[in-house]
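Visitor: predicted model and sequence follow; I will ask about them next.
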Amino acid sequence: MSQTDDTPVVGVDFDGHVALVEIRRPPHNYFDIPMIQGIADAFESLDADARCRAIVLCAQGSAFCAGANFANRDATPPQKSPRAVNPLYFEAIRLVSCAKPVVAAVHGPAIGGGMGLALVADFRVTCAEARFSVNFNRLGFHPGFGLSCTLPRLVGQQQAGLLLYTGRRIGGEEALRIGLADELAPQDQVRTRAIQLAAEIATSSPIAVQSTRATLRAGFVEQFRLAVAHESIEQNAHFKTEDFKEGVKAMAERRPPQFLVR
């Protein structure tokens, strides 16, 4: 499916008390600030909508979200100050501030910041064919999108370090094994199963669910806020390095990066 200029990048539909927030930038669903802002706007609107008791975050195309498109100069906008927070991450803070439970339907690759987007959700339904990777170090810069906070929270410090340092890609079965995903389904049923899980949550008292969720996530938004502030400082410095240039070039040329020894 191709997207025209007047096609909304983010769509919202309802299935009973479940709201579907759909990313509509196929096939890769590369993110930018307007797209993440659109998702955050949808989440905030649904927080205020009594019809919604749970949210499914899903996507068109072959990927859930393949991260930033580094062929686009806007993927790494210059910051006015080396300590400035990436404006993209202000939108990410809005995402994690959502009061209602979120299930991500990860039917294809979730790469880099795309994996960060998947980890904003409370639960992830995926498939064997999906691919997860936090490939920032392979590209020559510090992880972002709050992954230095969300990934260890899910899989533990040791496993998070392994994934972050190597940038390796893992499939849905491995993601399930290490706790990165919560359920595995056939690829063509990932969205259906995510809606079923969200509907199951929606049968519980919405007041009780949101209260329990707030208890379990106590302090999380502030931890996330501090994480993206630190990530932005590190990234602002790394974006100026030869390692970053080489990492992006190697990715474009589909070859292993050749970083210099210093």
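Guide: Perfect, I can see it now. Numbers count the residues shown, from 1 in each chain.

Visitor: pLDDT on stretch 119-126, on average?
Guide: For stretch 119-126, the mean pLDDT works out to 98.

Visitor: how far does it sit from its chain's centre?
Guide: Centroid separation between stretch 119-126 and its chain, computed with CA atoms, centre = their mean, to the nearest Å, is 9 Å.

Visitor: can you tell me what sits against that stretch?
Guide: The contact list for stretch 119-126 (CB atoms under 8 Å, 6 or more residues apart in numbering) reads 57, 92, 95-96, 101-107, 118, 146-147, 150-151, 154, 172, 175-176, 180-185, 190, 193-194, 197, 213. Quick note: C-beta positions are derived from backbone N, CA and C, even for glycine.

Visitor: return the subset of these lying in helices.
Guide: Counted as lying in helices by DSSP state H, out of these, are 92, 95-96, 118, 147, 150-151, 154, 172, 175-176, 190, 193-194, 197, 213.

Visitor: most neighbours among those, which one?
Guide: Neighbour counts for the ones in helices among the contacts of stretch 119-126, by other CB atoms under 10 Å, peak at A194, which reaches 30 neighbours.

Visitor: shouldn't that one be in contact with A104?
Guide: Yes - taking contacts as CB atoms under 8 Å, A194 lies within contact range of A104: 7.1 Å.

Visitor: and for those two, which residues touch both?
Guide: By CB under 8 Å, 6+ apart, A194 and A104 have these common neighbours: V56, C58, V125.

Visitor: and the nearest residue to A59 once chain neighbours are set aside, what are its bridge partners?
Guide: The shortest distance from A59 to any residue other than its chain neighbours is 4.0 Å, reached at I23 (CB to CB, 6 or more residues apart in numbering). With DSSP bridges as the criterion, I23 is bridged to V10, A59.

Visitor: if we can go back for a sec, just the ones in helices among the contacts of stretch 119-126 now: which is nearest R225?
Guide: V96 (8.6 Å; CB to CB).

Visitor: check what pLDDT the closest one gets.
Guide: Predicted confidence (pLDDT) for V96: 98.

Visitor: also L176?
Guide: For L176, pLDDT reads 98.

Visitor: could you pull out the strands for the protein?
Guide: Assigned by DSSP state E, the strands in the chain fall at 10-15, 18-23, 54-59, 102-106, 110-111, 123-126, 131-133, 170-171, 183-184.

Visitor: gap between the two ends of stretch 28-37?
Guide: Taking CA to CA, to the nearest Å, the first and last residues of stretch 28-37 lie 18 Å apart.

Visitor: what's that stretch in contact with?
Guide: Contacts for stretch 28-37 (CB under 8 Å, 6+ apart): 9-10, 23, 25, 59-69, 72, 74-75, 77, 87-88, 91-92, 95, 109, 113-114, 117.

Visitor: just the buried subset of the residues you listed, written out for ChimeraX, thanks.
Guide: Applying 16 or more other CB atoms under 10 Å to these, the buried members can be selected in ChimeraX as follows:
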select :9,10,23,25,59,60,61,63,64,65,66,67,68,75,88,91,92,95,109,113,114,117
